[in-house]
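Predicted model and sequence follow; I will ask about them next.
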Amino acid sequence: MLWKNTYNELIKISAKPRSYIGIAALTLLIAIILFAMKADGSKYISFVTSSFEQTLSFNGNILNGNLIAFIILQMLIVHIPLLVALVTGDLLSGEAAMGTLRMLLTKPISRKQVVFSKLIAAAVYTLILVLWLGFLAFIVGRWVFGTGDLIVLNSDGLVILKNADVLWRYGLAFLVAFLALMTISTLSLAFSAFANNSIGPIVSTMAVIILFTIIGALDVSVFDHVKPWLFTTHMASWRSLFNNPVPWSDIKESVWILLAHNVLFVTIAVYKFQKKDITS
Amino acid sequence: MEEAIIEIKGLQKSFGGFQAVKDVNFTVKKGDVFGFLGPNGAGKSTTMRCMLSLIMPNAGQIRLFGKDLINERNAILSRVGSIVEKPDFYKYLSALKNLELFARISGADVQRKTILKTLDFVGLAGRENDKVSGFSHGMRQRLGIAQTLMHQPELIVLDEPTTGLDPQGIIEVRDLILRLKNEQGKTVILSSHQLSEIELVANRMVIIHKGETLIEGSVSELMNTQQTLLHLEFLDAKSTEAAAFIAKLWPGQDIQITSPKTLQLQIEKSRIAILNQNLVGAGFEIVAIEPKRKLEDFFIQITKS
């Protein structure tokens, strides 16, 4: 029954117009970034490298597909959560608002199976978004701008990565980004279990992300013990894969914390949904 | 002894401080068209939802097909078809796609041809590929009934199935319920706040009021033993003479003269034919004889008795 309902959930997601808002928005944003970089990318690059030009000389194709993919990933990873929450926050509460939850739950399928089938469908949708992002940023970026060594500016200075050393880093970076976005999916699913309307869980998810991001950015010692446990702190951990050497222990820690949040949010969703009286 | 399909005992449900269901008890037997009657807010929908595990009761026992609902929920629900309140569908999908979604999780192997046949049965043949967003209320109600029937359930639960329907739609639903009983031997439970609706289709019924069972039994017995407000209209202005005649016939009978040509009285259903014979025999020309039975009056009588 779990897989039958997962198939149903995928049909619903694929038929819902809002599911394509995320993909369309992503395509448009990346197209704008690619166009802007093609038109005026050299100025952008010289602005970044100007502080190093007294000590370093930059040769070759710096503005290449690898750098474009990195810029896109960095810019959009902040906005994609909204696109994810737009669909996943609606999965349970949207059905409650439409009245179809009533129909669904009078069928011989357990509530736990309903939540898990929606979770799997949410994971598939999130994966499609990440893969689409990867395709546009990495494949199209390389096609438009060519390949070359990747220059990354981080807090320790410049990191230069050979072209041949980049592909596996992107593969893992997209995997970590997927896990980070799954945390958003499960958070919005948990909110969705409480609500009977579509907007509430989406707004609540974004509110939590904004709140945690602000707490993470505040340089106040009172939050120092909290910050390492906020999932938002670990959402950009994919960036660490572009350090040299890669801080594997930090990345592992981030992955564990994100996984723990996923488990916690799914547990909350299942617990609440199993207890919920369907009065809508 | 007839097999009990639904047994509800001591059902209770509260929402916060409000007790929606205090003590509901009834039994539905195999082959019954069972009326579940009560005014708005009596606890009908809450009871129906408890019966389908949409709402968890605070206390009481719900057994369907002799099995406990909490312990054997999925096995029970695979034998039930239901519409609670109103049928809601995925508006962005076609009628066929909607039914396929629900068929997939119905617990039965429902083929596409069965779905199409069911759509034909409810009068939606040819509309299977139309999106539900373009359907009228009546069409959605019929699609809801198709959704209820397509997996051949033994028990059909209909919560206020005629709400919002036009008179033609009400007649169609009524006919459909009778066909399900007569042609397919289904057990049907339907809730309503209209006594006349239940009277036309149900063979047994329960009446609940303020979350409690008032009375349960055969519809014909309950209707015949309870008083009916009978409205009589005469061709000429003879209501005063007619009232005197009835008072002589049945001394102590409470009769109200409502106009020179009309009067009304409380009478048992079984005595209406006798009264009619007597009045005609005495030369009164009757142009209308209309039982006006309101659920509220019925409640008052039941609670009085």
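Great, that's in hand.

Residue numbers of chain B in contact with chain A?
Neighbours of chain A within chain B, by Cβ under 8 Å from any Cβ of the partner chain: B:15, B:49, B:52-56, B:73-78, B:80, B:82, B:84-93, B:97, B:101-102, B:104-107, B:147. Where you see a C-beta, it was placed from the backbone N, CA and C, and this is true even at glycine.

For the helix or strand harbouring A:Leu172, buried residues please.
Element membership for A:Leu172 (DSSP states H and E) is helix A:167-194. Neighbour-count burial for helix A:167-194 flags A:169-170, A:173-174, A:176-194 (criterion: 16 or more other Cβ atoms under 10 Å in any protein chain shown).

before we move on, back to that, filter the residues of chain B next to chain A to the buried ones?
Neighbour-count burial (16+ other Cβ under 10 Å) is assigned, among the residues of chain B next to chain A, to B:49, B:52-55, B:73, B:76-78, B:80, B:82, B:84-90, B:92-93, B:97, B:101-102, B:104-107, B:147.

ok now do B:Ile8, which residues does it touch?
Listed by Cβ atoms under 8 Å, 6 or more residues apart in numbering or on different chains, the contact partners of B:Ile8 are B:24-27, B:47, B:51, B:60-63.

ok, and the closest non-adjacent residue to the one residue in the stretch 151-300 of chain B that gets nearest to chain A?
Chain A sits closest to B:Val157 of the stretch 151-300 of chain B, with a gap of 8.2 Å, by Cβ to the nearest Cβ. Of all residues not flanking B:Val157 in the chain, B:Ser82 sits nearest, at 3.9 Å (Cβ to Cβ, 6 or more residues apart in numbering or on different chains).

Contact partners for the one you found?
Listed by Cβ under 8 Å, 6+ apart, the contact set of B:Ser82 reads A:106, B:52, B:148, B:156-159.

Now, those residues that are in helices?
When those are checked against helices (DSSP state H), the matches are B:Thr148.

which among the contacts of B:Ser82 end up buried?
By neighbour count, with 16+ other Cβ under 10 Å, these hold A:106, B:52, B:148, B:156-159 as buried.

ok, which stretches of the stretch 151-280 of chain A are helices?
A:167-194, A:199-217, A:248-275 (DSSP state H, counting those that start in this stretch).

okay, the ones you listed in JSON lines with mean pLDDT next?
Compiled in JSON lines, the helices of the stretch 151-280 of chain A are given as follows (pLDDT from 0 to 100):
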{"stretch": "helix A:167-194", "mean pLDDT": "93"}
{"stretch": "helix A:199-217", "mean pLDDT": "92"}
{"stretch": "helix A:248-275", "mean pLDDT": "95"}
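
Now tabulate the ones you listed in TSV and tack on distance to chain B.
TSV is the format used below for those (distance: least, Cβ to the nearest Cβ, whole Å):
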stretch	distance to chain B
helix A:167-194	15
helix A:199-217	18
helix A:248-275	7
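
right, and these - which one's nearest A:Ile139?
Counting by Cβ to Cβ, A:Ile139 lies closest to helix A:167-194 out of these; the figure is 10.4 Å.

so what secondary structure elements neighbour that closest one?
helix A:65-76, helix A:80-88, helix A:93-98, helix A:111-134, helix A:199-217, helix A:248-275 (3 or more Cβ pairs under 8 Å, 6 or more residues apart in numbering or on different chains; DSSP states H and E).

Next to chain B, which bits of chain A? Give me the list.
Residues of chain A lying near chain B (Cβ under 8 Å from any Cβ): A:1, A:4-5, A:7-8, A:11-12, A:15-17, A:98-100, A:102-110, A:275, A:277-279.

and B:Pro153, helix, strand or coil?
Three-state call for B:Pro153 (DSSP: H, G, I helix; E, B strand; the rest coil): coil.

residues in contact with it?
So B:Pro153 contacts B:79-81, B:186 (Cβ under 8 Å, 6+ apart).

Any chance of the residues you listed in TSV with pLDDT, secondary structure and distance to B:Leu165 as columns?
Formatted as TSV, the contacts of B:Pro153 follow (pLDDT from 0 to 100; DSSP: H, G, I helix; E, B strand; the rest coil; distance: Cβ to Cβ, whole Å):
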residue	pLDDT	secondary structure	distance to B:Leu165
B:Arg79	94	coil	27
B:Val80	95	strand	23
B:Gly81	93	strand	19
B:Lys186	90	coil	20
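
Going by neighbour count, which of the residues you listed are buried?
Using 16+ other Cβ under 10 Å as the burial test, those include B:79-81, B:186 as buried.

Next, count neighbours for A:Thr147.
For A:Thr147, the neighbour count with other Cβ atoms under 10 Å in any protein chain shown is 16.

no, scratch that, I was asking about A:Leu83
25.

what's the distance between the closest residue to chain A within the stretch 101-250 of chain B and B:Gln152?
Ranked by Cβ to the nearest Cβ, the top residue of the stretch 101-250 of chain B for proximity to chain A is B:Gly107, at 4.1 Å. Going from B:Gly107 to B:Gln152 by Cβ to Cβ, to the nearest Å gives 11 Å.

Mind checking which of the residues of chain B next to chain A are in strands?
B:15, B:80, B:82 (DSSP state E).

Noted, bye for now.
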